[in-house]
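*Asks:* need a 3D model of the sequence below.
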Amino acid sequence: SNWDGAADLHEAKLQETGGNIDLLKNDVKNIKRLVEELMTEHSMLSEAKAVESETKEVREEFYHLVRVGVERRLATKLLQEATFELNPNELRLPDRVQEALAIEIMNHIHTEDPFDFKGNTGQRVFAFIGPTGVGKTTTIAKLASQAILKRNLRVGLINVDTYKVAALDQLATYAKILNVPFRQASTSLELERALTEFKPLDLVLVDTSGCSQRDNENIFKLKTLLAETPAVRPLLIMSTTTRDQELADISMRFRIFNP
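*Replies:* Coordinates of the predicted model:
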């Protein structure tokens, strides 16, 4: 009925205005919104029915996942797959349900060896990009230490974070502890010069300015800086505790780096 009402309203306005293009656009926007609302409502009803048919323990895990930010459809899918092979008695044991869910989540997480050069013996340069506070600098230090101690790689660190002096000091301290060369760059020319100096090294890790995914100005500045040094491969760093909706937003905003 909502759809029919929207269509009738659209037809009436079209005749009334003689086909005004602005009103047409507005009507299309309203119809799209109605369709999205109906689809969301249908999806939530389906999810609710699926969850309500489960045991109390399964329902509690579902609502816990939703509360901590897991998208509802993904929460439903995870639980359905996790509990598929559990018998009725196991479905009433909170520890058993949680264990099955944990295993299912781990099965959905795919990892790669960051030092697997896939037959490429040349230098690898990674720039760590992402929002403020997700742990880019700390991650760089961990990966650098693994590359040195476990793979015997020659590593260099570069900082292009011109906004946070603390981050510069932190990375410089890590470089001193690891006994690896460190450079600071605030322009594409300085970054290119640092990379030229680091040519003999196997792996170069570049720390970048952390900024909100809504800070378009600084995101584009960083994009411009890195775009002028094509040897750099951007890696998008995000926290695993971030809510699904925000993860999607971050991914979309940083998509311009093709990370």
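
*Asks:* all strands for the stretch 151-259 of the chain, in order.
*Replies:* 155-159, 182-184, 203-207, 232-236 (DSSP state E, counting those that start in this stretch).

*Asks:* among those strands, which comes closest to residue 226?
*Replies:* strand 232-236 (5.4 Å; C-beta to C-beta). C-betas here are computed from N, CA, C, even on glycine.

*Asks:* helices and strands around that closest one, which ones?
*Replies:* Contacts defined by 3 or more C-beta pairs under 8 Å, 6 or more residues apart in numbering; DSSP states H and E place strand 232-236 against strand 124-129.

*Asks:* so where is the stretch 51-200 of the chain shaky, pLDDT-wise?
*Replies:* 51-53, 117-121, 161-168 (pLDDT under 70).

*Asks:* follow-up on the earlier one: any chance of JSON lines for the strands of the stretch 151-259 of the chain, columns distance to residue 113 and mean neighbour count?
*Replies:* JSON lines is the format used below for the strands of the stretch 151-259 of the chain (distance: least, C-beta to C-beta, whole Å; neighbours: other C-beta atoms under 10 Å):
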{"stretch": "strand 155-159", "distance to residue 113": "16", "mean neighbour count": "25"}
{"stretch": "strand 182-184", "distance to residue 113": "25", "mean neighbour count": "18"}
{"stretch": "strand 203-207", "distance to residue 113": "13", "mean neighbour count": "26"}
{"stretch": "strand 232-236", "distance to residue 113": "14", "mean neighbour count": "19"}
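
*Asks:* may I see those arranged in CSV, with distance to residue 147 as well?
*Replies:* Listed next are the strands of the stretch 151-259 of the chain as CSV, based on distance: least, C-beta to C-beta, whole Å:
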stretch, distance to residue 147
strand 155-159, 5
strand 182-184, 15
strand 203-207, 5
strand 232-236, 14
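
*Asks:* now residue 115, nearest residue through space, not along the chain?
*Replies:* residue 151 (5.2 Å; C-beta to C-beta, 6 or more residues apart in numbering).

*Asks:* how about residue 30, secondary structure?
*Replies:* Counting by DSSP: H, G, I helix; E, B strand; the rest coil, the backbone at residue 30 sits in helix.

*Asks:* test my guess that residue 157 contacts residue 181.
*Replies:* Yes: between residue 157 and residue 181 there is a contact under C-beta atoms under 8 Å: 7.3 Å.

*Asks:* hey, what's in contact with both of the two?
*Replies:* Both residue 157 and residue 181 are contacted by residue 175, under the criterion C-beta atoms under 8 Å, 6 or more residues apart in numbering.

*Asks:* any idea how far residue 202 lies from residue 141?
*Replies:* 17 Å (C-beta to C-beta, to the nearest Å).

*Asks:* which parts of the stretch 151-259 of the chain are helices?
*Replies:* 165-178, 188-197, 216-227, 244-253 (DSSP state H, counting those that start in this stretch).

*Asks:* which one of these lies nearest to residue 92?
*Replies:* helix 244-253 (28.3 Å).

*Asks:* who are the packing partners of the closest one?
*Replies:* Using 3+ C-beta pairs under 8 Å, 6+ apart, helix 244-253 is in contact with no helix or strand.

*Asks:* in it, what counts as buried?
*Replies:* 244, 250, 253 (16 or more other C-beta atoms under 10 Å).
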